[in-house]
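1. coords please:
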Amino acid sequence: MDLTDSKRWFLHPERLASFQGGVIAIGAFDGCHLGHQQLLSKADAALSFIPAPKTFFDVGEKSLTLPDEKQILYPHFIFMRFDEQLAGLSPEAFVSIIHEALHPKRLLVGWDFHFGKKQWGGNADELSRLASAMGIEVNIIPPFKQGPHIIKSRLIREWIQKGHIEKANEYLGYDYFLSSRVIHGKALGRTIGFPTVNLDIHFQKITPKPGVYAGHVEIEGVKFPTAISVIQREKLDIEGHILDFNRDVYGKVVRLSFKYHIREQQDFESFDALKIQIAKDVEAVRRVL
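-> Numbers count the residues shown, from 1 in each chain. Predicted coordinates for the structure are as follows:
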């Protein structure tokens with residue numbers, strides 16, 4: 001088999017021709033945060049991987065952005081199939097595949113970029129050396145700081161899982177969101193006067209700490225203020241009460257974004273106590289939005 005055969009390595013290889021000869025950013029781009037945006041703003045396309053390398057090696061790992069969400073944030077993604085063969089490539093072989101498939105005039109990578117089989121030590125400097133030998137320029141983008149921190153996906157993941165959504169959003173450069181299909185839930189909210197949309201959450205998607213948040217549901221391009229509940233029961237559920245909204249959206253794919261943390265998850269002794277608290281939550285969401 002030809003090692004550089006694009007049909008072997010790339011999803012939708014027919015898209016490659018439109019980006020050949022351009023500037024290509026390479027990375028995992030989990031979150032497409034402000035640091036990543038430094039690369040993406042200078043690129044014609046971004047090369048990433050399905051599945052993400054960290055989730056390939058550990059299915060319990062979770063991501064900030066799934067592939068379809070990355071394309072919402074930046075439409076010009078090209079994806080390579082990540083598997084044992086790709087993981088086992090030498091740095092030289094990996095660069096050869098990129099060269100043959102895309103003929104880039106320039107590659108953009110972050111300062112902490114790594115590639116190829118770990119024991120062979122492929123990093124940004126090695127990429128620059130190998131690509132230069134093929135006539136490809138490489139720009140290594142330095143760390144991007146916000147306040148005291150270098151912006152990194154790992155830090156943003158930690159903040160989201162601790163419920164620090166405002167801090168995470170500051171480093172992402174947008175409100176953290178998930179894109180999901182609306183499914184049928186237990187209809188508990190409807191019985192107490194606060195109907196909700198229930199979302200089908202991918203098992204590898206990072207979700208905020210259980211509690212109540214203010215945010216938006218975007219349906220067919222229109223944003224609606226929403227009180228969001230992240231609830232840990234037998235499993236994790238995410239429900240959104242869209243303010244002043246009564247349309248049927250079952251089966252639609254929506255974008256649910258988290259803007260502010262309102263309170264922690266609580267237990268209630270009765271439906272009446274729950275109803276009173278939800279009414280307070282809705283008013284709190286109205287105030288902050």
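2. residues touching the residue most central in space within the chain, list them.
-> Nearest residue to the geometric centre of the chain (C-alpha atoms, centre = their mean): residue 65, 1.2 Å. Counting by C-beta atoms under 8 Å, 6 or more residues apart in numbering, residue 65 touches 29-32, 73. Where you see a C-beta, it was placed from the backbone N, CA and C, and this is true even at glycine.
3. how about a cut-off of 10 Å?
-> Contact analysis of residue 65 by C-beta atoms under 10 Å, 6 or more residues apart in numbering lists 28-33, 36, 48, 52, 71-74, 153, 172, 176-179, 205-206.
4. do residue 249 as well
-> 181-182, 197, 217, 219-220, 242.
5. Relative to residue 218, how far out is it?
-> For residue 249, the distance to residue 218 (C-beta to C-beta, to the nearest Å) stands at 11 Å.
6. next one: residue 280
-> Counting by C-beta to C-beta, the gap from residue 280 to residue 218 is 25 Å.
7. Spatially nearest residue to residue 99 (excluding sequence neighbours)?
-> Using C-beta to C-beta, 6 or more residues apart in numbering and skipping the chain neighbours, the partner closest in space to residue 99 is residue 134 (5.0 Å).
8. Also residue 33?
-> residue 172 (4.9 Å).
9. quick one on the thing from earlier: the residue nearest to the centre of the chain: what secondary structure?
-> coil (DSSP: H, G, I helix; E, B strand; the rest coil).
10. who has more neighbours, residue 280 and residue 218?
-> Neighbour totals were compared for residue 280 and residue 218, and residue 218 leads with 17 against 13 (other C-beta atoms under 10 Å).
11. who's that one bridged to?
-> Counting by DSSP bridges, residue 218 forms beta bridges with residue 223, residue 255.
12. Could you tell me the average pLDDT over stretch 14-31, please?
-> What stretch 14-31 shows for mean pLDDT is 96.
13. Same question for stretch 72-81.
-> 96.
14. And that stretch, end to end?
-> End-to-end distance of stretch 72-81 (C-alpha to C-alpha, to the nearest Å): 20 Å.
15. which residues are contacting stretch 5-15?
-> 1-3, 16-17, 45, 47, 49-50, 67, 76-83, 85-86, 89, 94, 97-98, 100-102.
16. Let's see that with 8 Å instead.
-> 1-2, 16, 50, 78-81, 86, 97, 100-101.
17. In that stretch, which residues are buried?
-> 6, 9-10 (16 or more other C-beta atoms under 10 Å).
18. Using CSV, list the CA coordinates for it.
-> Below are the C-alpha coordinates for stretch 5-15, written out as CSV (Å, rounded to 0.1, in the frame of the first residue of the first chain):
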residue,chain,number,x,y,z
ASP,A,5,-2.4,7.4,-0.2
SER,A,6,-4.8,10.2,0.9
LYS,A,7,-7.8,7.8,0.9
ARG,A,8,-6.2,5.7,3.6
TRP,A,9,-5.5,8.6,6.0
PHE,A,10,-8.1,11.3,5.4
LEU,A,11,-11.8,11.5,6.0
HIS,A,12,-13.4,13.2,2.9
PRO,A,13,-10.2,13.2,0.9
GLU,A,14,-12.1,14.9,-2.0
ARG,A,15,-11.9,18.1,0.1
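19. What pLDDT does the model give the closest residue to residue 232 other than its chain neighbours?
-> In this structure, residue 232 finds its nearest non-sequential neighbour in residue 210, 4.5 Å apart by C-beta to C-beta, 6+ apart. Model confidence at residue 210, given as pLDDT, is 97.
20. If anything else comes up later, I'll come back, but that's it for now.
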